[in-house]
Structures are given as structure tokens and as C-alpha cells.
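K.L.:
Kindly generate the corresponding structure for this input.
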Amino acid sequence: MEGKNSIGSPVHVYGRRPQAAGRTGTAGRMSAAGRTTAFSRIITACIIVSLFLSGCGKKAEAVAKESDAVILTVLAGQSTSDAGMEDMIDEWMEEHYPDVKLEWECVDWGESFDAQVRSRFAAGDVPDIIVGKAQDVKAYVGTGNLAPIAESCSAMIKQDALDLVTVDGTVYGLPFNAWYQGVLYNKKIFNTYGLEVPQTREELLKIQEILTSRGLTPFAGHFQESWNLGNTTMQFMMNEVFCDEPDWGEQFRKGKVNFSDSPAMRRCLENNRNILEHSWEDALSIDQYESDNRFAGGQAAMYLTGSWSLQFANQYNRGDEFGIFPYPNEHGDARLLRETNMTFMKSARTGYDELITELFMGIFSDQQLQSEILDYTQTQPTVKGFEPEYRSCIQDDIDYYEQSGQVLDVTIGNNQLVWSYQNAVAAQQQLWLQGKKSLEEVLEFADDNRAESMNE
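P.N.:
Below is the predicted model of the structure:
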């Protein structure tokens, strides 16, 4: 959804490692040909200087040998918890594949990734490796730029995650991890006031009333960024709409259903207003970083977000104070949401098909590397039979909802209403919450732009 979502979200980094050499942001990216030319010139210059200064053929030979390194380009769309994982993979590469270098281009998944991918596809500058979300596979496979994943790799992945990246019986992506979304809650506050996890909307409203009467803030909230509203809206839609009508998005594009005349859709948007009205006075003007920090410090009892927000709490060794539950829906049967997140894809044009397959096998089978990334990102594994060394503070709750069949994967909704459309509707919601537009205008905007809800 991070949502970037999908549930999508921008990159905020808590304790991120310094950016490694050879990694670029969105700005200053060269084409593949430009990179090759520039790299060749640098190597040639180094050889000449080395020969001139030392007169030693051995030094020139050593420098020239460096040019034999294989360089694989990687375009990574990152959401909140992802930034920094590339450094961990680079360290692993230096140990296991010292003659292979990854040239990373890391961009914000929610804001820049789709545009970067499509512009590079159009230019024929397809990265050797693409790292996005599971939902991106179905969005891009039709372009012909994604290569099938070798069965030796796909056999390592849990079936429910694999289903999300399978098109017409062929697997085109390798999901690495998943995070969970719902209402994080402060157990100490709930225990202090004798509060139970709400199952219905009425129970949630009662909790809000009790907390407010005690001078406490019911919800952490940040509405400065439109992506947050896109994220929370899809969370609501999964439990109010898609749980009952799994093909709602397809029906929407056919004109058979609408936002404007749907009571369920209206409730989804009104839930955002409920959170805003029961959050801090400055919730419209603060970002995720500030909201995470306040929640970790006990300044609110609940937080509709995802496990990515626990990165901050764990830095302060307060992770054991929190649990998670689904935001109650109209029927009282809401389910916890899972998003299959970091997904590796391979270019159909790469000249290093077998090498990339080998790298994927290594990355997905190295348990130490997996544990490091999963712990850092506060996510769950998608690799079969793998139990990470760390245990999330919300793991007991996750296990309960998974074992009782009360989990939905948001890829169901994200595949039908693409993130760019969700984010556009979210931007209209911002104006509504700021008092600049009416709810009816937001719903009408969603209907008027239905053609943009699916990538063609």
C-alpha cells in the first residue's frame, strides 16, 4: 500500500549507513552508454598516470585489471524502512563477489520510482536489476522488459508471496520481505486505563472518548505528506471494500461502481478525518519522522501505520511496549494487512542473466544477510522455512492474525488501483482536510479520473 501503496511511503532513514561509492540518487543519473564511456575514460586516465609516475608495468597491469569488474545497474524504489539495505547487500557482495559491483540508483518508491522505471524502459536503458514491490511485477511485465525468474530461485519463496508475482503461470519477481499494517498501540496506556483491543467501530470510538477525557491523544497522525493518506485510505478500502468485492477496481473502471455513490468509500475517507480530529493539533503540518518520534515517546495511544514505524521505537529500546490490531470496519471483521514489499526483478535485456540468478540465489539463501536486513527494516521473511534471529515486538499479534486466517495482502487492492492514482486522490483529500475542498469534490475527482487507476 508505503506504503509507499500501493501502500507507499517516502524514505525516512533512522541510523542509515553512509551512502557507498557508485550509488546515485535521482539527480545526475547517466545513461548506460554514458556510464560505460565515462568509466572507460577514467580507467584509461588512471593507466596513463600510473605508467608516467612509476614507469612500472606491473602497476599499470593492476589498474587495468580493475576494469575487468562486472558492473550491474540496480534501480531500487525504496519505502520507509528500506533505505540502507543496499549497503548491507554491498558488504555481502564485497565478501562473496569481489569482482562484481552493483551500481545503485535509489529513489523514493512513492514519488519517483514508477516514472523512473517507465522513462528508462522507453529509452531502452533497462537496469540489470530492479527492486520494487510485489505489485510492480504485474504493472511492468506487459512491457516485455522483465525476465522470468529461474525455478531454482522461485522455489525458495513461500507460495502466498509467489502468487503475487506470477503472471500466466510464469514468475517474474522474487519477494524478499513483507511488513504488516494496522493500528499500532501502546500496551502500557491500554493497560493503565483498562482498554481492550477494539473489534467494532463503536468500541474504537469509546476508546477515543475515554482517552480524550483523560487528556490523552488517541491517535498519532501526520498529514503533511499525501502518501500517508493514500496509505491509510487503502488500509480502510481493503477492509471496507475489497474484502467483500475483490474485483472492485475492475468494476470501477467499467463504470459499474463509483466512489461518489459508495457508502463504503465515503466511510474510508471519513475514517481519515476521524484520526485527524483525534490526533495532535499540528497533525496537518508534521511528517512521519516527527509522528514516529512522538508515538515512540508515548505521546499517543494508537497509530494507524505499518511496522516500519517501529524502527524509531526500537532505537529507544521501547519496542516491547507495542502491539498491533486492524482498524475496525463496518462489519466488525477487519483483518490485519500484509504487504509483500521488497521484490527483486531481472531485466529481459541484461547480458548477465546467469550471474544475476546466481546472485539472487546467494542473497536469498544467506541467513545472516537476511536476518540483518529483516531486523533493520522490521519486516518478515518470505523465504520458506526461514526464522529470523530477531523477533518483532508485534510478532505475537502477527502470528495470531495469520494463524486465525485474519490477514489480507494489500497487493489485491494495489494491483487494481495503482499507486499514482491513489496518491492523486490522497492529494485531494489533503485539500479536504485543510478545508479547501468538500468530501463530495474528492469523491467526484476519484470518479472523473478512473481511467488513471490502472497502468496500461
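K.L.:
For the stretch 301-450 of the chain, which segments are assigned as strands?
P.N.:
Ranges of strands in the stretch 301-450 of the chain, per DSSP state E, counting those that start in this stretch, are 302-306, 322-325, 336-340, 343-346, 380-381, 407-409.
K.L.:
Output those strands as CSV; include the columns distance to Gly194.
P.N.:
Yep, even glycine has a C-beta here, placed from its N, CA and C like the rest. Shown next, in CSV, are the strands of the stretch 301-450 of the chain (distance: least, CB to CB, whole Å):
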stretch, distance to Gly194
strand 302-306, 16
strand 322-325, 15
strand 336-340, 24
strand 343-346, 43
strand 380-381, 31
strand 407-409, 28
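K.L.:
For Val442, find the nearest of those strands.
P.N.:
Of all the strands of the stretch 301-450 of the chain, strand 302-306 sits nearest to Val442, with 18.8 Å by CB to CB.
K.L.:
what about that closest one, average pLDDT?
P.N.:
In this model, strand 302-306 has an average pLDDT of 96.
K.L.:
Just the pLDDT for Leu310.
P.N.:
pLDDT for Leu310: 85.
K.L.:
low pLDDT regions in this protein?
P.N.:
Along the chain, segments meeting pLDDT under 70 span 1-67, 314-320, 455-456.
K.L.:
In a markdown table, list the strands of the stretch 301-450 of the chain along with mean neighbour count.
P.N.:
Below are the strands of the stretch 301-450 of the chain laid out as a markdown table (neighbours: other CB atoms under 10 Å):
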| stretch | mean neighbour count |
| --- | --- |
| strand 302-306 | 29 |
| strand 322-325 | 23 |
| strand 336-340 | 27 |
| strand 343-346 | 24 |
| strand 380-381 | 21 |
| strand 407-409 | 21 |
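K.L.:
among those, which is nearest Leu75?
P.N.:
Counting by CB to CB, Leu75 lies closest to strand 343-346 out of the strands of the stretch 301-450 of the chain; the figure is 9.5 Å.
K.L.:
Could you spell out the sheet neighbours of the closest one, each with its direction?
P.N.:
Next to strand 343-346 in the sheet, as set by DSSP bridges, lie strand 129-132 (antiparallel), strand 174-175 (antiparallel).
K.L.:
how about those strands, which one is nearest Ala283?
P.N.:
For the strands paired with strand 343-346, the distance to Ala283 is smallest for strand 129-132, at 29.8 Å, taking CB to CB.
K.L.:
and of the strands of the stretch 301-450 of the chain, who's closest to Gly77?
P.N.:
Here strand 343-346 is closest among these (CB to CB), at 9.7 Å.
K.L.:
distance between that closest one and the chain's centre?
P.N.:
With CA atoms, centre = their mean, to the nearest Å as the basis, strand 343-346 stands 14 Å off its chain's centre.
K.L.:
Nearest to Cys393 among the strands of the stretch 301-450 of the chain would be which one?
P.N.:
Nearest to Cys393, of all the strands of the stretch 301-450 of the chain, is strand 322-325, at 5.5 Å by CB to CB.
K.L.:
Show me how this protein divides into domains.
P.N.:
Annotated domains of the chain cover 32-178+341-381, 179-339+395-453 [automatic domain parsing].
K.L.:
okay, those in a markdown table with distance to Pro388 next?
P.N.:
Converted to a markdown table, the domains of the chain look like this (distance: least, CB to CB, whole Å):
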| stretch | distance to Pro388 |
| --- | --- |
| domain 32-178+341-381 | 5 |
| domain 179-339+395-453 | 10 |
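K.L.:
And the strands of the stretch 301-450 of the chain: which comes nearest Lys133?
P.N.:
Nearest to Lys133, of the strands of the stretch 301-450 of the chain and by CB to CB, is strand 343-346 at 5.7 Å.
K.L.:
got the contact list for the closest residue to Ser420 other than its chain neighbours?
P.N.:
Nearest residue to Ser420, sequence neighbours excluded (CB to CB, 6 or more residues apart in numbering): Asp114, at 6.0 Å. For Asp114, the contact set (CB atoms under 8 Å, 6 or more residues apart in numbering) comprises Gly77, Ala139, Val418, Trp419, Ser420, Asn455.
K.L.:
any idea how far Thr233 is from the fifth one?
P.N.:
This points to Ser420. 14 Å (CB to CB, to the nearest Å).
K.L.:
Out of the contacts of Asp114, grab the one that's most surrounded.
P.N.:
Compared across the contacts of Asp114, Trp419 has the highest neighbour count, 31 neighbours, by other CB atoms under 10 Å.
K.L.:
That one reaches Ser112, doesn't it?
P.N.:
No - counting by CB atoms under 8 Å, Trp419 does not reach Ser112; the two are 11.4 Å apart.
K.L.:
May I have the helix or strand harbouring Asp114 as PDB, with CA atoms only?
P.N.:
Per DSSP states H and E, Asp114 falls inside helix 114-123. The C-alpha coordinates for helix 114-123 follow below in PDB (Å, rounded to 0.1, in the frame of the first residue of the first chain):
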ATOM      1  CA  ASP A 114       7.300   4.500 -11.400                       C
ATOM      2  CA  ALA A 115       8.300   7.500 -13.500                       C
ATOM      3  CA  GLN A 116      12.000   6.400 -13.400                       C
ATOM      4  CA  VAL A 117      11.200   2.800 -14.500                       C
ATOM      5  CA  ARG A 118       8.900   3.900 -17.300                       C
ATOM      6  CA  SER A 119      11.300   6.600 -18.600                       C
ATOM      7  CA  ARG A 120      14.200   4.200 -18.700                       C
ATOM      8  CA  PHE A 121      12.100   1.500 -20.300                       C
ATOM      9  CA  ALA A 122      11.100   4.000 -23.000                       C
ATOM     10  CA  ALA A 123      14.800   4.900 -23.600                       C
END
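K.L.:
which parts of that helix are buried?
P.N.:
Buried residues in helix 114-123, counted by 16 or more other CB atoms under 10 Å: Asp114, Gln116, Val117, Arg120, Phe121.
K.L.:
Just the closest of these to Gly362, please.
P.N.:
Val117 (24.8 Å).
K.L.:
close enough to count as contact, the closest one and Leu75?
P.N.:
Yes - in this structure, Val117 is within contact of Leu75 by CB under 8 Å, at 6.7 Å.
K.L.:
list the residues that contact both of the two?
P.N.:
Ile130.
K.L.:
which among the buried residues of helix 114-123 gets closest to Ala264?
P.N.:
Nearest to Ala264, judged by CB to CB, of the buried residues of helix 114-123 is Asp114 at 27.1 Å.
K.L.:
re the thing from before, quick check: which of the strands of the stretch 301-450 of the chain is nearest to Leu359?
P.N.:
The nearest among the strands of the stretch 301-450 of the chain, by CB to CB, is strand 343-346 at 9.1 Å.
K.L.:
Can you pull out the residues in contact with the closest one?
P.N.:
Counting by CB under 8 Å, 6+ apart, 128-134, 136-137, 140, 146-147, 149, 165, 172-176, 353, 356-357, 360, 363 sit against strand 343-346.
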